[in-house]
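Enquirer: sequence below, structure please.
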Amino acid sequence: MEEKILEVTVLGEDEGIRIDKFLNEVDYASSPELEMLTRTYIQTLIKEGRVCVNDEPEIKTSYRVNEGDVIRIQMPEPVCLDVKPQNIPIEIVYEDDDVIIVNKPKGMVVHPAAGHYEDTLVNALMYHCQGNLSSINGILRPGVVHRIDMDTTGLLIVCKNDTAHNFIGEQLKDHSITRRYEAIVFNRFLDKSGVINAPIGRKPQNRRMMAIVPQGKRAVTHYRVINNLKGNYAHIECVLETGRTHQIRVHMASIGHALVGDLVYGPDRPISKTLQGQTLHARTIGFIHPTTKEYMEFTSELPEYFKELLEKL
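Expert: Take a look at the predicted model:
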């Protein structure tokens with residue numbers, strides 16, 4: 001197998017960060033292949049001369065990136081990792097020779113990560129599909145075209161072959177896939193609908209978090225109020241025009257309507273501590289099928305925890 005060259009361009013929001021730290025925290029959506037690399041491994045690649053900036057070799061780990069830098073990483077041949085199939089029950093909404101639509105439960109991680117190779121959606125899919133999944137996103141993410149957070153529930157598209165993966169991936173890139181979410185948020189609304197157009201990038205003070213930053217990537221969320229609820233809460237629908245990391249969570253928090261249960265971007269309230277993460281459900285997904293070229297759309301029921309909270313409120 002030939003060695004692979006990965007390339008990433010530095011944005012203004014990342015200027016001045018050490019190169020090993022930058023590559024360790026680069027946004028999954030922009031460079032998914034880098035997501036699994038530890039900072040120590042990246043430092044090793046730099047010392048081995050496998051990382052160059054603007055075609056300049058012999059970069060040091062202390063190098064601080066500049067806006068516009070083009071970083072190329074020469075990846076060694078992949079080592080075969082033992083990500084084993086597991087007979088874990090999963091809800092299949094639809095399946096054919098190209099795609100599977102899965103309704104992911106709360107608390108399930110989508111794909112394995114370093115130190116956590118079991119009990120993920122990928123482990124379950126490998127068992128269900130007997131290994132017949134697309135290979136574009138590597139050994140740890142077979143079939144995975146996009147993902148949702150561990151504590152977000154709802155629909156995901158999984159691809160069985162590389163042709164389907166590329167076709168769906170192009171729709172993700174041009175933002176033509178329909179993605180509707182439902183959420184319960186703090187504070188009632190005066191307006192029935194709105195649009196949040198605010199760029200999202202790494203939070204300068206804590207790069208494990210996302211935030212609205214001037215040099216971030218374009219991010220647009222459309223929302224409408226389904227119901228204002230008692231106790232100063234609201235049930236809303238969000239439609240993604242773009243798909244940035246934590247987009248709905250960051251955008252809604254920015255206008256004073258953080259998701260209930262979100263202890264990262266929301267207020268530290270007693271109700272949030274009784275839940276397992278944010279109250280967010282990927283309810284509807286629609287796309288053009290890679291073979292039939294026809295539009296398909298799927299909708300899932302709200303999970304029990306979500307319906308129970310609505311009943312209380």
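Enquirer: select the longest helix from this protein.
Expert: In the chain, with assignment by DSSP state H, the single longest helix is helix 162-173.
Enquirer: any idea of the mean pLDDT in that helix?
Expert: Averaged over helix 162-173, pLDDT sits at 90.
Enquirer: can you name the element that comes right after that helix?
Expert: strand 178-186 (DSSP states H and E).
Enquirer: show me what that following strand is packed up against.
Expert: strand 233-240, helix 247-254, strand 280-288, helix 304-312 (3 or more CB pairs under 8 Å, 6 or more residues apart in numbering; DSSP states H and E). Where you see a C-beta, it was placed from the backbone N, CA and C, and this is true even at glycine.
Enquirer: what angle sits between the third one and strand 233-240?
Expert: Spelled out, it's strand 280-288. Interaxial angle of strand 280-288 relative to strand 233-240 (axes from the mean of the first three to the mean of the last three CA atoms, to 10 degrees): 30 degrees.
Enquirer: each with direction, which strands does strand 280-288 pair with?
Expert: As defined by DSSP bridges, the strand partners of strand 280-288 come to strand 153-159 (parallel), strand 178-186 (antiparallel), strand 295-299 (antiparallel).
Enquirer: any chance of JSON lines for those, columns distance to residue 192 and mean pLDDT?
Expert: As requested, the strands paired with strand 280-288 are exported to JSON lines (distance: least, CB to CB, whole Å; pLDDT from 0 to 100):
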{"stretch": "strand 153-159", "distance to residue 192": "23", "mean pLDDT": "95"}
{"stretch": "strand 178-186", "distance to residue 192": "14", "mean pLDDT": "97"}
{"stretch": "strand 295-299", "distance to residue 192": "22", "mean pLDDT": "98"}
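Enquirer: deepest of the helices and strands packed on strand 178-186, which one?
Expert: Greatest average neighbour count among those goes to helix 247-254 (a mean of 24), per mean count of other CB atoms under 10 Å.
Enquirer: for the residue nearest to residue 184 when sequence neighbours are not counted, grab the count of nearby residues.
Expert: Closest residue to residue 184 apart from its sequence neighbours, by CB to CB, 6 or more residues apart in numbering: residue 279 at 4.2 Å. Using other CB atoms under 10 Å, the number of residues around residue 279 comes to 29.
Enquirer: tell me the spacing between the residue nearest to residue 277 when sequence neighbours are not counted and residue 163.
Expert: Spatial nearest neighbour of residue 277, chain neighbours left out: residue 151 (2.5 Å); criterion: CB to CB, 6+ apart. As judged by CB to CB, to the nearest Å, residue 151 and residue 163 stand 32 Å apart.
Enquirer: more neighbours: which of those two?
Expert: Taking neighbours as other CB under 10 Å, residue 151 and residue 163 compare with residue 151 leading, 17 against 13.
Enquirer: which residues touch the more buried one?
Expert: Residue 151 makes contact with 106, 107, 261, 276, 277, 278, 280 under the criterion CB atoms under 8 Å, 6 or more residues apart in numbering.
Enquirer: per-residue confidence for the residue of the chain most remote from its centre?
Expert: Among the C-alpha atoms of the chain, the one most distant from their mean position (CA atoms, centre = their mean) is that of residue 58, at 32.9 Å. What the model reports as pLDDT for residue 58 is 77.
Enquirer: contacts for whichever strand or helix holds residue 227?
Expert: For residue 227, the element it lies in under DSSP H and E is strand 220-229. The contact list for strand 220-229 (CB under 8 Å, 6+ apart) reads 182, 184, 188-189, 191-197, 234-242, 247-248, 251-252, 310, 313.
Enquirer: rewinding a little: just say which of the strands paired with strand 280-288 is most tucked in.
Expert: strand 153-159 (a mean of 25).
Enquirer: using CSV, write out every CA atom in that strand.
Expert: Taking C-alpha atoms only, strand 153-159 is exported to CSV below (Å, rounded to 0.1, in the frame of the first residue of the first chain):
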residue,chain,number,x,y,z
THR,A,153,-29.4,10.6,19.3
GLY,A,154,-30.8,10.1,15.9
LEU,A,155,-30.1,9.3,12.2
LEU,A,156,-26.8,8.7,10.5
ILE,A,157,-25.9,7.6,7.0
VAL,A,158,-23.4,4.7,6.7
CYS,A,159,-22.0,3.6,3.4
